[in-house]
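Engineer: Quick one: sequence plus predicted model below, questions after.
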Amino acid sequence: MSLIRLSQGQLAFGHIPLLDKADFILEPNERVCLVGRNGAGKSSLLKVLAGLQEMDDGQLGINPEVTIAYLPQDPPRAQSGTVFHYVAEGLAQLGQVIEEYETASRLVTEDPNDKHLARLARSQEAMDHHNGWQFETRIHQTLSHLELDGQQAMSALSGGWQRRAALARALVQQPDVLLLDEPTNHLDIDAIEWLETLLLGFEGSIVFISHDRGFIRRMATRIIDLDRGQILSFPGNYASYLAGKEEALRVEEEQAALFDKKLAKEEAWIRQGIKARRTRNEGRVRALQAMRRERAERITRQGKASMTMAQGERSGKLVFDIKDLGYAWEADHIVRGLTTSVMRGDRIALIGPNGCGKSTLIKLLLEQLPAQEGSVRQGTNLKVAYFDQHRLELDPDKTVQENVGEGKDTVTVGGRDRHVLGYLQDFLFAPARARSPVSSLSGGEKNRLLLAKLFLKPANLLVMDEPTNDLDVETLELLEAKLAEFEGTLLLVSHDREFIDNTVTTTWWFGGKGRWVEYVGGYQDAVHLGAQFYRAEEAQSTGDAPSAVKTEPEPKTAPSSAPPKKLTYKLQRELDALPAKLETLETEIESLQAQIAEPGFFDGDSQEVNAVLNRLAEKEQELEQDFARWEELEAMQGQA
């Protein structure tokens with residue numbers, strides 16, 4: 001027996017149909033993932049199933065014995081009161097009775113006067129009348145299960161803990177159906193894995209929206225795809241969905257091509273003039289008119305994003321030289337005793353719980369914050385592009401076009417000028433949407449816009465702080481491909497495990513008490529090498545951080561009191577001459593590479609081929625040596 005049945009659902013905002021005669025059935029014990037492009041209407045469909053959004057037409061049938069709980073996309077930031085009060089509100093009037101009893105009990109504990117005792121007696125009677133004792137126990141058990149303090153103020157919680165409170169509010173109802181809109185948003189990786197385990201043990205049915213491919217792979221037993229108002233169902237896992245979706249699009253393209261070919265033939269017939277009018281078949285004319293209407297109503301699939309990333313000049317071989325770096329906020333150590341080097345081309349992910357200081361560590365490396373201990377020395381010729389998770393680079397009052405063009409109609413992409421509107425279409429912004437204010441965009445659209453703005457900036461050091469939030473799967477995969485082509489250095493903060501695995505070569509793992517442990521490879525590689533998430537309560541019981549982390553930094557060497565030396569005249573002349581020499585070498589290397597890339601190059605004389613290849617290797621080695629020397633002299637000059 002089905003739990004929810006949607007038949008011929010119709011819903012449109014303006015001229016855009018989000019549901020177009022859509023059908024959906026939810027059966028018991030299903031875990032259904034709802035996927036689709038940003039703006040396709042996934043959240044609206046979830047609200048329809050929850051009874052929070054009225055449809056324009058169609059029928060929604062919900063089994064009267066079914067209890068549905070809905071978790072919205074954004075954490076409950078504006079909530080006042082305690083966590084217990086917020087969770088109890090999920091039980092409606094009964095929640096008010098339980099909250100009153102909890103308040104009266106607390107007042108009696110603090111001050112057992114007659115007024116408070118009388119209030120407690122009244123609340124106990126109400127609890128008896130509504131059978132509230134059972135539900136009060138359920139609230140406390142749920143809070144304990146989710147590791148929440150019921151007396152803590154909601155306003156004092158981080159986004160991730162507010163999500164936990166919202167989940168507790170949903171679970172305390174003991175629903176038959178859970179509707180979850182982006183449940184992994186604002187959660188760190190440890191919390192995401194905890195949530196996976198919790199939901200896998202849930203005995204009811206779940207419908208969830210997520211762009212986290214790792215979460216989808218582990219959770220979904222069926223995937224439904226919302227595309228241009230239609231719901232397509234793909235039983236099985238995520239891999240089955242990808243294959244099925246590709247086949248469905250292929251069949252659709254073939255059918256559309258056949259239809260267009262037939263329509264073109266009929267249009268040619270109707271325009272044949274006098275001869276056609278003599279033998280005109282009125283039934284054929286009506287059929288042609290119907291075909292015209294069908295073609296006009298066809299909603300073509302939105303194209304894929306086509307990102308182009310500007311490449312900056314190469315940086316020096318050394319990007320960061322970090323020695324005994326230390327920084328603390330009040331009593332919390334963000335980093336302590338960190339000594340390592342970041343080289344050109346390194347791809348590093350910072351992994352740790354929310355609030356451990358990942359963004360702060362990046363700011364220390366970029367010298368946006370002064371180090372309290374130790375030092376960070378930056379390499380030469382660094383050009384930084386920074387993707388900020390808070391999107392501070394975007395002006396919400398300006399249009400999409402104004403944010404990217406900055407007052408100009410053209411932008412420079414790959415060395416040539418392009419119109420801003422044409423460039424924005426590569427990032428799936430139609431001209432009408434490009435003229436809309438940023439404040440009207442969805443979260444995924446804002447992230448696409450920030451990528452469009454970021455990729456115009458030539459850079460050799462790319463810093464990306466939570467770039468995957470709200471991006472649909474297709475855009476995520478395209479971003480992964482572009483990052484693979486990026487020739488510079490990458491620093492990444494993300495809670496998307498699959499994105500990390502597909503993007504980086506090294507992970508810095510937070511081990512607690514300011515310790516960061518370096519592992520080769522991505523997230524899964526680090527876990528296989530023994531990486532574990534730091535938990536404060538475990539560290540307190542053992543008295544220190546996990547065993548994988550060094551307990552104390554090596555003793556610091558006393559700084560030299562000798563004054564820094566200035567460059568000699570000879571060294572200064574060498575430094576001044578190096579940029580021109582490097583430019584000449586790079587030009588010669590490009591010429592040799594172009595020669596090698598010509599068709600038929602390897603069909604020529606073997607001695608000449610080897611001579612060119614050897615010369616290329618020599619020039620590349622010479623370039624590396626001169627870059628290192630330039631970096632060394634620049635550092636000496638900076639200390640002078």
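Structural biologist: Noted; the coordinates are in hand.
Engineer: which ones are touching residue 434?
Structural biologist: 399, 400, 401, 420, 421, 424, 425 (Cβ atoms under 8 Å, 6 or more residues apart in numbering). Where you see a C-beta, it was placed from the backbone N, CA and C, and this is true even at glycine.
Engineer: Could you measure from the fifth one over to residue 188?
Structural biologist: So the one you mean is residue 421. Distance of residue 421 to residue 188, computed by Cβ to Cβ, to the nearest Å: 38 Å.
Engineer: If you count surrounding residues, which of the two has more?
Structural biologist: A count of neighbours by other Cβ atoms under 10 Å puts residue 188 above the other of residue 421 and residue 188, at 21 against 17.
Engineer: And the pLDDT at that one?
Structural biologist: As predicted, residue 188 sits at a pLDDT of 83.
Engineer: so who does it touch?
Structural biologist: 160, 352, 353, 354, 495.
Engineer: Repeat the analysis, applying 10 Å as the threshold.
Structural biologist: 158, 160, 194, 351-356, 358, 495, 510, 533 (Cβ atoms under 10 Å, 6 or more residues apart in numbering).
Engineer: Next, the residue nearest the centre of the chain: secondary structure please.
Structural biologist: Nearest to the geometric centre of the chain sits residue 468, at 1.6 Å (Cα atoms, centre = their mean). With DSSP: H, G, I helix; E, B strand; the rest coil as the basis, residue 468 sits in coil.
Engineer: ok, the nearest residue to it once chain neighbours are set aside to residue 210 distance?
Structural biologist: Closest residue to residue 468 apart from its sequence neighbours, by Cβ to Cβ, 6 or more residues apart in numbering: residue 496 at 4.5 Å. Between residue 496 and residue 210 the computed distance is 10 Å (Cβ to Cβ).
Engineer: in the stretch 51-200 of the chain, which spans are strands?
Structural biologist: Under the criterion DSSP state E, counting those that start in this stretch, the stretch 51-200 of the chain carries strands at the ranges 57-62, 68-71, 177-181.
Engineer: What of the stretch 301-450 of the chain?
Structural biologist: 318-329, 332-343, 347-351, 373-378, 384-387, 410-413, 416-419.
Engineer: swap in the stretch 451-600 of the chain?
Structural biologist: Using DSSP E, counting those that start in this stretch, strands in the stretch 451-600 of the chain cover 461-465, 489-493, 506-512, 515-520.
Engineer: just checking, what packs against the last one?
Structural biologist: Just to be clear, that refers to strand 515-520. strand 332-343, strand 347-351, strand 506-512, helix 523-528 (3 or more Cβ pairs under 10 Å, 6 or more residues apart in numbering; DSSP states H and E).
Engineer: buried ones in the longest one?
Structural biologist: With burial defined by 16 or more other Cβ atoms under 10 Å, the residues of strand 332-343 counted as buried are 333, 334, 335, 336, 337, 338, 342.
Engineer: now, which of these sits nearest residue 283?
Structural biologist: residue 342 (73.8 Å; Cβ to Cβ).
Engineer: returning to what we had before: right, so the strands of the stretch 51-200 of the chain: which one is the most enclosed?
Structural biologist: strand 177-181 (a mean of 23; mean count of other Cβ atoms under 10 Å).
Engineer: I'd like the contacts of residue 188 as a markdown table, with distance to residue 256 and neighbour count appended.
Structural biologist: Below are the contacts of residue 188 laid out as a markdown table (distance: Cβ to Cβ, whole Å; neighbours: other Cβ atoms under 10 Å):
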| residue | distance to residue 256 | neighbour count |
| --- | --- | --- |
| 158 | 48 | 14 |
| 160 | 44 | 20 |
| 194 | 45 | 16 |
| 351 | 45 | 29 |
| 352 | 48 | 22 |
| 353 | 49 | 21 |
| 354 | 46 | 16 |
| 355 | 50 | 15 |
| 356 | 51 | 23 |
| 358 | 47 | 24 |
| 495 | 39 | 25 |
| 510 | 51 | 25 |
| 533 | 49 | 21 |
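Engineer: As JSON lines, those with distance to residue 99 would be great.
Structural biologist: Compiled in JSON lines, the contacts of residue 188 are given as follows (distance: Cβ to Cβ, whole Å):
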{"residue": "158", "distance to residue 99": "24"}
{"residue": "160", "distance to residue 99": "24"}
{"residue": "194", "distance to residue 99": "27"}
{"residue": "351", "distance to residue 99": "39"}
{"residue": "352", "distance to residue 99": "36"}
{"residue": "353", "distance to residue 99": "30"}
{"residue": "354", "distance to residue 99": "28"}
{"residue": "355", "distance to residue 99": "29"}
{"residue": "356", "distance to residue 99": "34"}
{"residue": "358", "distance to residue 99": "37"}
{"residue": "495", "distance to residue 99": "33"}
{"residue": "510", "distance to residue 99": "37"}
{"residue": "533", "distance to residue 99": "34"}
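Engineer: Which of those residues sits closest to residue 242?
Structural biologist: For those, the nearest to residue 242 is residue 495 (22.4 Å; Cβ to Cβ).
Engineer: That closest one against residue 159, yeah?
Structural biologist: No: using Cβ atoms under 10 Å, residue 495 makes no contact with residue 159, being 11.7 Å away.
Engineer: Count the neighbours of residue 455 for me.
Structural biologist: 23.
Engineer: again, but for residue 150
Structural biologist: Counted with other Cβ under 10 Å, residue 150 comes out at 19.
Engineer: Which two among the contacts of residue 188 are spaced furthest apart?
Structural biologist: Across the contacts of residue 188 (Cβ to Cβ), the longest gap, 19.0 Å, separates 194 and 358.
Engineer: about what we covered before: among the contacts of residue 434, who's most crowded?
Structural biologist: residue 400 (28 neighbours).
Engineer: nearest spatial neighbour of it, skipping sequence neighbours?
Structural biologist: Residue nearest to residue 400 in three dimensions, not counting chain neighbours: residue 434, with 4.6 Å by Cβ to Cβ, 6+ apart.
Engineer: got a pLDDT number for the one you found?
Structural biologist: Per-residue pLDDT puts residue 434 at 86.
Engineer: Stretch 108-119: how far from the chain's middle?
Structural biologist: A distance of 50 Å separates the centroid of the chain from that of stretch 108-119, by Cα atoms, centre = their mean, to the nearest Å.
Engineer: Actually, stretch 139-149.
Structural biologist: Distance, centroid of stretch 139-149 to centroid of chain: 28 Å (Cα atoms, centre = their mean).
Engineer: ditto for stretch 205-215
Structural biologist: 14 Å.
Engineer: Tell me the pLDDT of residue 33.
Structural biologist: 94.
Engineer: quick check, it in a helix?
Structural biologist: No: read with three-state DSSP, residue 33 is strand and lies in no helix.
Engineer: Restricted to helices, list the contacts of residue 434.
Structural biologist: 400, 401, 420, 421, 424, 425 (DSSP state H).
Engineer: Now those residues in CSV, please, with extra columns for distance to residue 606.
Structural biologist: Converted to CSV, the ones in helices among the contacts of residue 434 look like this (distance: Cβ to Cβ, whole Å):
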residue, distance to residue 606
400, 56
401, 56
420, 51
421, 52
424, 50
425, 48
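Engineer: ok, of those, which one's closest to residue 456?
Structural biologist: residue 420 (10.1 Å).
Engineer: The closest one contacts residue 408, correct?
Structural biologist: Yes: using Cβ under 10 Å, residue 420 is in contact with residue 408, at 7.2 Å.
Engineer: Now the common contact residues for these two.
Structural biologist: Joint contacts of residue 420 and residue 408 (Cβ under 10 Å, 6+ apart) are 401, 402.
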